[in-house]
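Trainee: 3D, please:
(one chain, ligands or ions: 1)
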Amino acid sequence: MAETWIEVDLDAVVKNYQEIVKLLHPETRCMAVVKADAYGLGAVEVARSLARAGCEAFAVTRVEEGLILREHGIVGLILVLGPTTEEEWPRAIAAQLQLTLSELSSIAELNKVCSVMGSEQSTLVQVHLKVETGMGRTGFRFSELEALSHVLDQSPHLQVTGVYTHFARAARKDRAYTLDQYQRFTSFTARLGELGINPTWKHVCNSAAFLDYSEWHHDFVRIGTLLIGHYPGQGFKGKLKLSDPWIAKSRIVHLRKVPKGTYVGYQSIYRTKAETQLAVIPVGYADGFGTGPHFTPQGWADFLRLVIKNFVALFGIFLGLERVELKGKTVRIAGKIGMQLTVLDVGMQECSLGDEVEIPLRRTVANPRIPRRYRQDGQMFSERVMEEGVLPFYKEYSLE
Ligand SMILES: *Cc1c(COP(=O)(O)O)cnc(C)c1O
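Mentor: Sure, this is the predicted structure:
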């Protein structure tokens, strides 16, 4: 029995999906972005329950992620958003993954790989053209359009089913940059049309753009953040109601009463202020606990907050520390979070060895080795653990 685990409520994910679908125009479909193991929730379980709820399209970053979905029975459209390599193509084509094209040099090669795979003309790979409009990452630029059209003409095994772009600042209040990006996208697709390339589908919206630019939904909206119960930023809360599918839990594995003045943890940054109990839970930064993406201030107010926070930490006051809950009450993290152990100052609250605590564990960085327990229809029905540290292994469960 694991002492640290994550409970994922698939009913909540499905509810979020249904809230999203309600806001779509009838001709638009939701493409569920389940990259990075569905932002930590578990790509297979999330994709399966969404497929059951009617979702027909999924997106991942890498070929490997798409193959895992296929192997676990996902039959819908699977788009690979990231760049792919020649070694991956045969498997991707065989699994009918749709690939993103974002640079010229690989197109002829992809066509060749496809042509030798099937002797008949019928082996096609469906591709989406990625347009670089301001993300500064991958994609074709306007100046490459003539060359793109030329190489596509020579590539009969490629079928252009989509064209898309990705916004850098859709969650910001200032719309100018996003409008520019969209304008570039429109010029690009117009020119494509003049060159005789007419992709079946267009898609531009991520979670933030889906909520703020409903006139740009087109054929698909690509949604990750909202599905897993997060808002893309402040100010989106009123736009739809989300359910949180994620609870991380750990158990007290060591408990001791200590006197006032006891130092706790590395660098002894914490000292007990009174007689209290210290509880140890088996989770630490190697599990993704207490870690997060680097925070860059978005303005002077943010910067000031950061400075004050670091300043008062000098005096042992830790603002904005994450909340750990024991029997519904917030308890403090005592000292620095360790690699795999964390100490809690639980006060004189009644508790015992083996008690569960709820911990704030960021979903995208939660270690995949932490078992995921899935709830559906209000019941726990499966658990996923790592098998020999590699691929996920699913145990079907039924609790009566
Ligand atoms: C991750 C990603 C998305 C989903 O973005 P969210 O804001 O999480 O909904 C959409 N499109 C692309 C290209 C992505 O990489």
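Trainee: what about the nearest residue to Gly316 once chain neighbours are set aside, how many residues close to it?
Mentor: Of all residues not flanking Gly316 in the chain, Ile269 sits nearest, at 6.8 Å (Cβ to Cβ, 6 or more residues apart in numbering). In short, each C-beta sits where N, CA and C put it, glycine included. Taking other Cβ atoms under 10 Å as the criterion, the count of residues near Ile269 is 14.
Trainee: Quick check: Ile269 vs the ligand, distance?
Mentor: 35 Å (Cβ to the nearest ligand atom, to the nearest Å).
Trainee: And that residue, how close does it get to Glu87?
Mentor: To Glu87, Ile269 is 48 Å away according to Cβ to Cβ, to the nearest Å.
Trainee: element containing Leu278, please.
Mentor: strand 276-281 (DSSP states H and E).
Trainee: Direction included, what does that strand pair up with?
Mentor: Applying DSSP bridges to the sheet, strand 276-281 is found paired with strand 254-258 (antiparallel), strand 342-347 (antiparallel).
Trainee: Now do the following helix or strand past the shortest one: everything it contacts.
Mentor: Following the chain from strand 254-258 toward its C-terminal end, the next helix or strand by DSSP H and E is strand 263-264. Contact partners of strand 263-264, identified using Cβ atoms under 8 Å, 6 or more residues apart in numbering, comprise Tyr270, Arg271, Thr272, Leu278, Ala334, Gly335, Val343, Asp345.
Trainee: And for stretch 352-365?
Mentor: Contacts of stretch 352-365 with the rest of the structure, by Cβ under 8 Å, 6+ apart, involve 4, 6, 36, 39-41, 228, 246-255, 279, 281, 283, 287-289, 291-292, 322-327, 331, 344, 370.
Trainee: switch to 7 Å and redo it
Mentor: Contact with stretch 352-365 is made by 36, 39-41, 228, 246-252, 255, 281, 283, 288-289, 291-292, 322-326, 344, as judged by Cβ atoms under 7 Å, 6 or more residues apart in numbering.
Trainee: Inside helices: which ones of those residues?
Mentor: Ala36, Tyr39 (DSSP state H).
Trainee: Now the residue in the stretch 1-150 of the chain that the ligand sits nearest to. Its backbone dihedrals?
Mentor: Nearest to the ligand in the stretch 1-150 of the chain, going by Cβ to the nearest ligand atom, is Val33, at a distance of 4.0 Å. For Val33, the backbone dihedrals (degrees, to the nearest 10) come out as phi -90, psi 110.
Trainee: In contact with the nearest residue to it once chain neighbours are set aside, which residues?
Mentor: In this structure, Val33 finds its nearest non-sequential neighbour in Gly224, 3.5 Å apart by Cβ to Cβ, 6+ apart. Contact analysis of Gly224 by Cβ under 7 Å, 6+ apart lists Val33, Lys35, Tyr39, Ser207.
Trainee: For the stretch 201-350 of the chain, give me the ranges with low pLDDT.
Mentor: 292-294, 320-322 (pLDDT under 70).
Trainee: can you map out the strands along it?
Mentor: 201-205, 220-223, 246-251, 254-258, 263-264, 270-271, 276-281, 324-326, 329-333, 342-347 (DSSP state E, counting those that start in this stretch).
Trainee: buried stuff in stretch 102-116?
Mentor: Buried residues in stretch 102-116, defined by neighbour count with 16 or more other Cβ atoms under 10 Å: Ser102, Ser106, Ile107, Leu110, Asn111, Val113, Cys114.
Trainee: if we can go back for a sec, the residue nearest to Gly316 contacts Ala334, correct?
Mentor: No: judged on Cβ atoms under 7 Å, Ile269 makes no contact with Ala334 at a distance of 9.3 Å.
Trainee: before we move on, the earlier item: OK, contacts around the residue nearest to Gly316?
Mentor: Contacts of Ile269 were listed using Cβ under 7 Å, 6+ apart, and they are Gly316, Gly335, Lys336.
Trainee: any idea which of the residues you listed is closest to Ala190?
Mentor: Ala190 lies nearest to Lys336 out of the contacts of Ile269, by Cβ to Cβ, at 55.9 Å.
Trainee: so who does that closest one touch?
Mentor: Here Lys336 is in contact with Gly265, Tyr266, Gln267, Ile269 (criterion: Cβ under 7 Å, 6+ apart).
Trainee: ok, of the contacts of strand 263-264, which come out buried?
Mentor: Neighbour-count burial (16+ other Cβ under 10 Å) is assigned, among the contacts of strand 263-264, to Tyr270, Thr272, Leu278, Ala334, Gly335, Val343, Asp345.
Trainee: show me what contacts the fifth one?
Mentor: Residues in contact with Gly335 (Cβ under 7 Å, 6+ apart) are Val264, Gly265, Tyr266, Ile269, Tyr270, Val343.
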